[in-house]
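S.K.: What follows is a predicted protein model with its sequence.
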Amino acid sequence: MKSQETIHIAIAEVSLIIRSGLAMALKRLPELNIQTVEITSKEGILHYMEAHHPDILIVNPLFEGWFDAEAFRERYPHAEMKLVSLISAVVDANQLKGYDESINLFDDIDSLNRKISSLMNVDEEDDNDQNSLSQREKEIVGCVVRGMTNKEIAEKLYISVHTVITHRRNITRKLQIHSAAGLTIYAIVNKLVELNEVKLNV
């Protein structure tokens, strides 16, 4: 996707301050053209999905009690949409299954920009440097070479195991590194981890 193309984002959150604040922050992201819609109920999500196809749906996992992301994906299996959890309180990692990414109330503009750009593959076609990893991919490389499992990485980063696996596939494709040793060397050389953090499988 080109950075000039419009990204349609729906925000499902009961709190007016959080919902409108996030909408305003998203519209201020540099080099991204974002249009937002604010949704205040689960019924509102269903009505919206009948007529529209957002690029991203950002939803509080505790929306009206609990928002079941996996059931939502089953209901809309053909929706080419990224599902992002909006973390505004302490949430059990099990409630984050099925999401592609997480946004936290403490995320700054740069972090929001990276996450949205990464989700939408903004300018990926024009990126000649296949070795450039996103911030999230660098975090995952660091976790992998520290010996963490996909499940542990998912819990630490508040994303689904499926998303971790997708990121790992993208990392392998970009770096053309197919071994744990090679990934460890890459992480050390690029200062993603310190030597004493690396878990050696002897």
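M.R.: Structure received.
S.K.: for the most centrally placed residue in the chain, what are its contacts?
M.R.: Nearest residue to the geometric centre of the chain (CA atoms, centre = their mean): Glu101, 2.3 Å. Neighbouring residues of Glu101 by CB atoms under 8 Å, 6 or more residues apart in numbering: Lys82, Val84, Ser85, Lys115, Ser118, Leu119, Arg136, Ile159, Thr163. Every C-beta, even on glycine, is put in place using the N, C-alpha and C of the backbone.
S.K.: what comes up buried for stretch 143-152?
M.R.: Cys143, Val144, Val145, Arg146, Met148, Asn150 (16 or more other CB atoms under 10 Å).
S.K.: about what we covered before: name the residues linked to the residue nearest to the centre of the chain by a beta bridge.
M.R.: Counting by DSSP bridges, Glu101 is bridged to Val84.
S.K.: And for His8?
M.R.: Gln35.
S.K.: show me the contacts for it.
M.R.: Residues Gln35, Val37, His52, His53, Pro54, Asp55, Ile56 are the ones in contact with His8 under the rule CB under 8 Å, 6+ apart.
S.K.: quick one: low-confidence ranges for this protein?
M.R.: Scanning the chain for pLDDT under 70 picks out 1-4, 122-131, 200-202.
S.K.: where do the strands sit along it?
M.R.: Applying DSSP state E to the chain gives strands spanning 6-12, 33-39, 56-59, 82-87, 101-104.
S.K.: Distance to Tyr186 for these - can I get that in TSV?
M.R.: Converted to TSV, those look like this (distance: least, CB to CB, whole Å):
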stretch	distance to Tyr186
strand 6-12	31
strand 33-39	33
strand 56-59	30
strand 82-87	27
strand 101-104	23
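S.K.: What residue spans form the domains of this protein?
M.R.: Using automatic domain parsing, the domain ranges for the chain come out as 6-126, 135-197.
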